[in-house]
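Student: Model the following, please.
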Amino acid sequence: MKNITIINIMIIKVIIIKVTTLSFLIALIAGCNPDNFRQVVEVDIPEHESRLVLNARISSLDIGITALVANSLGILDTSAYDIPEDATVRLFRDGELLGNDFSFMPGKLKYFLSLDEPLGTAPGLYRMDASTPGYEPIFAEQRMPVPVPIHSLRVERDGAIDDEGRRADGIEVQFSDPAGEENYYALEFYYEISEVQPGGDTLTYRNPVYASTLDQVVQYGYHYEQVLTDKSFNGSSYTVSLYAYPGALPEGAPNARLVARLYSLSRDAFLYDLSLRQYYDALDNPFAEPVTVHSNVEGGYGIFALSSVAEAGVPLE
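Tutor: Down below sits the predicted model:
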């Protein structure tokens, strides 16, 4: 009788263990439901009021000026942008109209203004207006930055080390930063080769040169390869050291030279270019923080930016 009782107790324990194990497995399987690891957060997106958008980036070298005029769309709006063909776009310098109204170019979907001569580096307050039926008019203002001359431009074959420790052609650009103000810069390079034709005419070919740098002061922009501020060298001379990979600069070509352009950017031009690069870097990256592209247009969105340009050249051997 005692043995039967012990056997019954053992059977009950086995049943309890099986039931406990089965319950645990059921709970584990239920807990693995993907919905249990998903959190749905409802976000109220405010209603978007469509406004005009203006995009115009102008340098002191420009003799033809283009401007894009469109409308803004909400974040979830998948409809096409409206690019009006009857907008009125005007550019003023110190209150005086430059040329005539911009004309629409259907092939490029942009507005264009032809000047008699390059815009130039003379200081002045520039204003661009844009208006079209159905939208509130917009405008933006910019002062032409003072150009900063390049003191020296040097090229040394195999004179630099790239970010992987390999030899590269070195490029150095030196300039003096004006003191007592915030200044913003961008660098651009190209090489040109001049050839004299049998008839006596000279043809000049230009090709961009893509340079990189290990200088921590320099950042990568969107339209410009290198952008920087004078926060770390305000009022003093500064040299930007860069490198170009082998083959980027021609060798043995007669009448070849490297040209450096130092852009003095308005603050809005700098912030727009930097934020646009950051926006595209973060695009489709689920771990990146959202980036707001800089805008300076009153009554709407977009950018009106100015830059003045200084150039220097050096022969390529």
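
Student: Now the element after the helix or strand harbouring Arg257, going C-ward?
Tutor: In this assignment (DSSP states H and E), Arg257 forms part of strand 256-265. On the C-terminal side of strand 256-265, the nearest following helix or strand under DSSP H and E is helix 267-282.

Student: So which bits of that next one are buried?
Tutor: By neighbour count with 16 or more other C-beta atoms under 10 Å, helix 267-282 contains the buried residues 267-279. The way it works is simple: take the backbone N, C-alpha and C, and place the C-beta from them, glycine included.

Student: Each with direction, which strands does the strand holding Arg257 pair with?
Tutor: Here strand 256-265 is paired, per DSSP bridges, with strand 184-196 (antiparallel), strand 301-315 (antiparallel).

Student: So for Gly64, which of those strands sits nearest?
Tutor: strand 301-315 (15.3 Å; C-beta to C-beta).

Student: Tell me how far Met128 lies from Glu172.
Tutor: Distance from Met128 to Glu172, counting by C-beta to C-beta, to the nearest Å: 37 Å.

Student: residue ranges of the helices in this structure, please?
Tutor: 2-31, 267-282 (DSSP state H).

Student: follow-up on the earlier one: mind putting the buried residues of helix 267-282 into CSV with distance to Ser308?
Tutor: Below are those laid out as CSV (distance: C-beta to C-beta, whole Å):
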residue, distance to Ser308
Arg267, 14
Asp268, 14
Ala269, 10
Phe270, 13
Leu271, 17
Tyr272, 16
Asp273, 15
Leu274, 19
Ser275, 21
Leu276, 20
Arg277, 22
Gln278, 25
Tyr279, 26
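
Student: Please produce TSV containing these, extended by distance to Ala122 and pLDDT.
Tutor: Listed next are the buried residues of helix 267-282 as TSV, based on distance: C-beta to C-beta, whole Å; pLDDT from 0 to 100:
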residue	distance to Ala122	pLDDT
Arg267	19	97
Asp268	19	98
Ala269	18	98
Phe270	21	98
Leu271	24	97
Tyr272	23	97
Asp273	23	97
Leu274	27	96
Ser275	29	96
Leu276	28	95
Arg277	30	95
Gln278	33	94
Tyr279	33	93
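
Student: quick one: which of those is nearest to Asp163?
Tutor: Arg277 (18.3 Å).

Student: which one is that closest one nearest to, not counting chain neighbours?
Tutor: Closest residue to Arg277 apart from its sequence neighbours, by C-beta to C-beta, 6 or more residues apart in numbering: Tyr222 at 4.1 Å.

Student: OK, contacts around that neighbour?
Tutor: By C-beta atoms under 8 Å, 6 or more residues apart in numbering, the contact set of Tyr222 is 273-274, 276-277, 280.

Student: how about a cut-off of 7 Å?
Tutor: Applying C-beta atoms under 7 Å, 6 or more residues apart in numbering, we find Tyr222 in contact with 273, 276-277, 280.

Student: Which of these sits closest to Thr202?
Tutor: Asp273 (34.0 Å).

Student: Okay, now the unreliable bits of the stretch 51-200 of the chain?
Tutor: Residues of the stretch 51-200 of the chain meeting the criterion pLDDT under 70: 77.

Student: contact partners of the strand holding Arg257?
Tutor: Identification of contacts with strand 256-265 by C-beta under 7 Å, 6+ apart yields 59, 145-148, 150, 153, 155, 173, 175, 183-193, 209, 224, 249-250, 307-316.

Student: Dump the C-alpha coordinates for it into CSV.
Tutor: Only the C-alpha atoms of strand 256-265 are listed here, as CSV (Å, rounded to 0.1, in the frame of the first residue of the first chain):
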residue,chain,number,x,y,z
ALA,A,256,48.7,73.1,-68.3
ARG,A,257,48.0,74.7,-65.0
LEU,A,258,46.0,74.2,-61.8
VAL,A,259,43.5,76.8,-60.8
ALA,A,260,42.1,77.2,-57.3
ARG,A,261,38.9,79.1,-56.5
LEU,A,262,38.4,80.5,-53.1
TYR,A,263,34.7,81.3,-52.5
SER,A,264,33.8,83.7,-49.8
LEU,A,265,30.3,82.6,-48.9
